[in-house]
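Peer 1: all I have is the shape, not the residue letters:
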């Protein structure tokens, strides 16, 4: 079992914990989200909504006058402790980019987030 566990936690890309807890919104629900950690392939966000695996999701984040809409698919959702009586969930979203300009925009956005390497 130990080998299986180690393999499950192995990531293809470096993950970072957001040092500023960047907040955004879920565009379909209008609920607040907060980035917990991220890579160029996926975001882990905290939200009050529980999402089904394989559900498409759009998230919007702002830096001053700059906005970025990230689209992806939910790959995991876990229950977190309630905050002020509201249930919270950790939702992992596999990001999807379809064009080179979208990929460049995402890379620029991620570079704006002050980050610290997340211990694995």
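Peer 2: Sure thing, it's come through. Here the structure is a predicted model, which is why all the values come from computation and not from measurement.
Peer 1: what segments of this structure are helices?
Peer 2: 2-9, 100-112 (DSSP state H).
Peer 1: comparing those helices, which yields the minimum mean pLDDT?
Peer 2: Among the helices of the chain, helix 2-9 carries the lowest mean pLDDT, a mean of 47.
Peer 1: okay, which residue is most central for the protein?
Peer 2: residue 43 (2.1 Å; Cα atoms, centre = their mean).
Peer 1: does that residue touch residue 57 like I think?
Peer 2: No: when contacts are counted by Cβ atoms under 8 Å, residue 43 is not listed as touching residue 57 (9.6 Å). All C-beta atoms are positioned from the backbone trio N, CA, C, and that covers glycine.
Peer 1: longest single strand anywhere in the chain?
Peer 2: Ranked by number of residues, the top strand in the chain under DSSP state E is strand 66-83.
Peer 1: show me what it is packed against.
Peer 2: Other helices and strands packing on strand 66-83, by 3 or more Cβ pairs under 8 Å, 6 or more residues apart in numbering; DSSP states H and E, are strand 42-47, strand 56-63, strand 86-95, helix 100-112.
Peer 1: before we move on, back to that, quick one: contacts for the residue nearest to the centre of the chain?
Peer 2: Neighbouring residues of residue 43 by Cβ atoms under 8 Å, 6 or more residues apart in numbering: 35, 37, 59, 70, 72, 92-93, 95.
Peer 1: partners of it in the sheet?
Peer 2: Beta-bridge partners for residue 43, by DSSP bridges, are residue 38, residue 93.
Peer 1: number of residues surrounding residue 66?
Peer 2: Residues lying near residue 66 (other Cβ atoms under 10 Å) number 11.
Peer 1: for beta bridges, what are the partners of it?
Peer 2: Applying DSSP bridges, one finds that residue 66 bridges with residue 63.
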